[in-house]
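Colleague: I'll drop the sequence and a predicted model, then ask my questions.
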Amino acid sequence: MLVGRDGNRRVVLAADALAESVGLHIGMPATKAQALVPGLALLDADPVGDVEALDRLAVWALRFSPMVAADPPDGLVIDTTGADHLHGGEEPMLRTLVERFAASDLEVRVAIADTWGAAHAAARYAGAAMVIVEPGQTERGLEGLPLASLRLPERMRGDLHVLGFATIGDLVAQPRAPLVQRFGPQLVRRIDQAFGTVPEPIEPVRSPDLVEVRRVFGEPIGAAETIRRYTGKLVLQLVAELERRHLGARRLDLLFGRVDNHWEAIRIGMGRPERDAKRLTRLLCDRIETVDPGFGIEVMTLAATLAEPLGAHQVVSSLVEEPETDVSSLIDILANRIGERRLYRFAPVASDVPERSVARVEPMSFDDGASWDDHWPRPSRLLPRPEPVETMALLPDHPPVWFAWRGQRRRVRRADGPERVFGEWWKREAEAATVRDYFRVEDDAGERFWIFRAGDGEHPETGSHRWFLHGVFG
């Protein structure tokens with residue numbers, strides 16, 4: 001438990017689940033907590049250190065979006081507009097956030113909503129580890145949450161409870177004039193911020209080591225062609241700074257500060273360190289149509305939020321040797337359009353078990369020249385997991401005469417096999433005696449499939465002796 005000063009009192013500021021299970025809670029006097037639980041471990045809170053740690057966490061979270069800020073005392077606010085597609089969508093992005101924090105032994109609650117206030121409320125008071133408030137459904141998603149979710153002062157919340165208000169829905173249903181007269185403008189401002197009626201801009205955190213260039217305009221700009229022109233100029237400035245530091249950009253964030261104090265952002269990623277000005281400009285300009293300039297943009301900021309060492313590039317003369325085909329530009333374009341998590345290639349893994357012999361890797365990851373054994377052909381399409389089929393085989397070593405898969409019965413015209421695959425006993429003890437017998441079969445229509453029997457057809461310890469379809473040949 002953490003304790004600190006609240007006026008002249010020394011009170012509990014934070015308690016874990018075990019402490020709460022024995023009746024301790026935040027706000028309880030520290031002396032009372034020690035009396036209830038003898039030998040209770042108390043640590044002094046470090047508010048300054050907490051603020052610094054939260055700022056460092058905000059800088060770390062820049063990998064998810066260019067618009068991140070600390071939301072004291074215990075949260076982060078991330079504007080994922082225009083960046084969630086790079087992580088596979090909203091739900092996969094939230095799941096990745098939870099998993100990354102869990103890997104560091106941190107339990108978090110995350111929420112996505114139309115506004116900062118709504119996301120803040122849902123993350124802390126909706127009672128779930130992951131919450132998505134659908135667009136346009138903010139009022140419905142918040143109406144049942146307590147008044148504390150509006151970030152109101154404790155004294156104001158107490159007065160509202162005395163008057164019979166318990167949830168956000170109770171307040172929304174009331175006339176505004178009496179509320180303003182009784183509690184001042186802060187109450188209705190928090191309601192409007194949660195519902196998006198009043199903007200609540202995010203001032204994004206920036207790392208002190210960030211490679212960044214900035215352009216401030218005397219008169220706001222808004223035309224797409226003007227934005228593209230200044231984007232190209234900022235890229236040239238950034239590339240010069242990257243070259244001076246011997247770095248290449250892996251991720252660029254282009255931020256647009258509007259006259260209404262609202263920020264728009266574009267994020268692009270590259271498969272490898274890059275400082276080709278034309279390529280970077282093209283990738284950024286491809287996404288300018290997603291920017292809403294509002295009543296005008298008064299400042300543009302371009303930052304390399306992820307940069308890696310990049311030395312001088314040697315140009316190969318076509319008179320000496322044929323240059324290698326460079327597909328990195330195409331990969332960058334596709335990754336920024338459909339999301340980098342959806343773009344990958346397959347790499348071989350040292351395993352005889354087919355579903356373990358392949359792994360997804362980044363498109364531009366290093367190719368070590370490894371390949372699969374070509375003693376036996378492999379299907380062009382391997383199913384995510386083997387699917388059971390109904391079949392009949394005359395003898396243990398014979399291929400099936402027919403099989404039924406996904407409701408369709410197929411007669412086997414030709415077959416080749418068996419190819420015996422043994423279990424990996426050094427990975428799983430249960431596979432010490434298991435085997436699979438694989439067959440390549442062709443049906444009357446000329447389609448070819450990869451099926452196997454779990455077991456050798458004679459000994460029960462080798463498998464269930466059921467048949468499965470594992471792949472389809474092209």
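Modeller: All right, it came through fine.

Colleague: in the stretch 301-450 of the chain, which spans are helices?
Modeller: Here the stretch 301-450 of the chain has its helices, by DSSP state H, counting those that start in this stretch, at 328-338.

Colleague: Can you show me the strands along it?
Modeller: Applying DSSP state E, counting those that start in this stretch to the stretch 301-450 of the chain gives strands spanning 345-348, 358-361, 381-393, 400-405, 408-422, 435-443, 448-454.

Colleague: would you list the ones you listed in TSV and tack on distance to Ala335?
Modeller: All C-beta spots, glycine's among them, are computed from the backbone N, C-alpha and C. Shown next, in TSV, are the strands of the stretch 301-450 of the chain (distance: least, C-beta to C-beta, whole Å):
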stretch	distance to Ala335
strand 345-348	12
strand 358-361	14
strand 381-393	23
strand 400-405	35
strand 408-422	35
strand 435-443	35
strand 448-454	31
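
Colleague: Now mean pLDDT, mean neighbour count and distance to Ile112 too, for those, in a markdown table please.
Modeller: Output for these, formatted as a markdown table (pLDDT from 0 to 100; neighbours: other C-beta atoms under 10 Å; distance: least, C-beta to C-beta, whole Å):
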| stretch | mean pLDDT | mean neighbour count | distance to Ile112 |
| --- | --- | --- | --- |
| strand 345-348 | 83 | 14 | 30 |
| strand 358-361 | 83 | 12 | 26 |
| strand 381-393 | 91 | 14 | 28 |
| strand 400-405 | 94 | 17 | 40 |
| strand 408-422 | 92 | 15 | 42 |
| strand 435-443 | 94 | 21 | 43 |
| strand 448-454 | 95 | 23 | 41 |
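
Colleague: Let me know which of those strands is the nearest to Pro66.
Modeller: Minimum separation from Pro66 across the strands of the stretch 301-450 of the chain (C-beta to C-beta) falls at strand 358-361, 26.2 Å.

Colleague: What strands line up against the closest one, and which way round?
Modeller: strand 345-348 (antiparallel) (DSSP bridges).

Colleague: quick one, longest helix in the chain?
Modeller: The longest helix of the chain (DSSP state H) is helix 224-244.

Colleague: Lowest average confidence across helices and strands of the protein, where is it?
Modeller: Ranked by mean pLDDT, DSSP states H and E, the weakest helix or strand in the chain is helix 328-338, scoring a mean of 79.

Colleague: Who are the packing partners of that one?
Modeller: strand 263-274, helix 277-285 (3 or more C-beta pairs under 8 Å, 6 or more residues apart in numbering; DSSP states H and E).

Colleague: Nearest residue to Val180 in space, ignoring adjacent ones along the chain?
Modeller: Distances taken as C-beta to C-beta, 6 or more residues apart in numbering place Val188 nearest to Val180, at 5.8 Å, with adjacent residues excluded.

Colleague: Could you do Glu424 as well?
Modeller: Spatially, and ignoring its direct neighbours in sequence, Glu424 is nearest to Glu431 (5.6 Å; C-beta to C-beta, 6+ apart).

Colleague: just Asp292 next, same as before
Modeller: What sits nearest to Asp292 in space, not counting adjacent residues and going by C-beta to C-beta, 6+ apart, is Glu264, at 6.0 Å.

Colleague: Can you name the residues bridging to that neighbour?
Modeller: Beta-bridge partners, per DSSP bridges, of Glu264: Phe256.

Colleague: Pull the number of nearby residues for it.
Modeller: Neighbourhood size, Glu264 [other C-beta atoms under 10 Å]: 21.

Colleague: Pick out the residue nearest the middle of this structure.
Modeller: Met93 (2.6 Å; C-alpha atoms, centre = their mean).

Colleague: on that earlier part again, in CSV: the helices and strands packed on helix 328-338, plus distance to Arg410 and mean pLDDT.
Modeller: Shown next, in CSV, are the helices and strands packed on helix 328-338 (distance: least, C-beta to C-beta, whole Å; pLDDT from 0 to 100):
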stretch, distance to Arg410, mean pLDDT
strand 263-274, 42, 88
helix 277-285, 47, 94
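
Colleague: Which one of the ones you listed lies nearest to Pro384?
Modeller: Closest among the helices and strands packed on helix 328-338, once you apply C-beta to C-beta, is strand 263-274, at 25.3 Å.

Colleague: residues of that closest one that come out buried?
Modeller: Neighbour-count burial for strand 263-274 flags Trp263, Glu264, Ala265, Ile266, Arg267, Ile268, Gly269, Met270, Gly271, Pro273, Glu274 (criterion: 16 or more other C-beta atoms under 10 Å).

Colleague: quick check: angle from that strand to helix 277-285?
Modeller: Note on geometry: by axes from the mean of the first three to the mean of the last three C-alpha atoms, to 10 degrees, strand 263-274 and helix 277-285 are set 150 degrees apart in direction.

Colleague: now strand 263-274 against helix 224-244, angle please.
Modeller: Between strand 263-274 and helix 224-244, the angle comes out at 40 degrees (the same axes, to 10 degrees).
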